[in-house]
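[1] here is my input, please return the structure:
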Amino acid sequence: MLDSVAKMQHSLPMLTAAQIRAARGFLDWKQSDLAKASGIAEVTIKKIERGGIDPRASTLEALQRAFNKAGLLFLEPGDVRDGGAGMRLRKAERRR
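    Numbering: from 1, shown residues only. From the prediction side, this is the model:
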């Protein structure tokens, strides 16, 4: 069980406050939208975004899962041409 938790923690990049703000802007979400989508309290999101708390890994993972479900993918440094981190919308899947 512990191994699966460790793998999960390494499978998702840890988001920064700036990335969370940018992702919300990209999706045109308010903090309340992210709270609803992630199950994380809006007050917690506000504190994270202003740097007022050091969030738990599980909190960041819940936020990232909400963004991923909305179609947003985060790119690790080195995944984009200039080597910097970034984000993009997932390509729409073709239906047959």
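[2] quick check: mean pLDDT of the lengthiest helix in the chain?
    In the chain, with assignment by DSSP state H, the single longest helix is helix 57-69. The pLDDT scores in helix 57-69 average 95.
[3] could you tell me how far that helix lies from the centre of the chain?
    Mean-position distance between helix 57-69 and its chain equals 5 Å (CA atoms, centre = their mean, to the nearest Å).
[4] now tell me what touches the helix or strand just after that helix from outside.
    Note on helix 57-69: by DSSP states H and E, the next helix or strand toward the C-terminus is strand 72-75. Contact partners of strand 72-75, identified using CB atoms under 8 Å, 6 or more residues apart in numbering, comprise 13, 15, 19, 23, 26-27, 64, 67, 85-90. Quick note: C-beta positions are derived from backbone N, CA and C, even for glycine.
[5] then stretch 30-43?
    With CB under 8 Å, 6+ apart as the test, stretch 30-43 has contacts from 20, 24, 27, 29, 45-46, 49, 59, 62-63, 65-66, 69-70.
[6] for residue 81, give me the pLDDT.
    At residue 81, pLDDT is 61.
[7] oh sorry, the question was meant for residue 52
    Reading off the confidence values, residue 52 has pLDDT 88.
[8] so how far is residue 44 from it?
    Counting by CB to CB, to the nearest Å, the separation of residue 52 from residue 44 is 10 Å.
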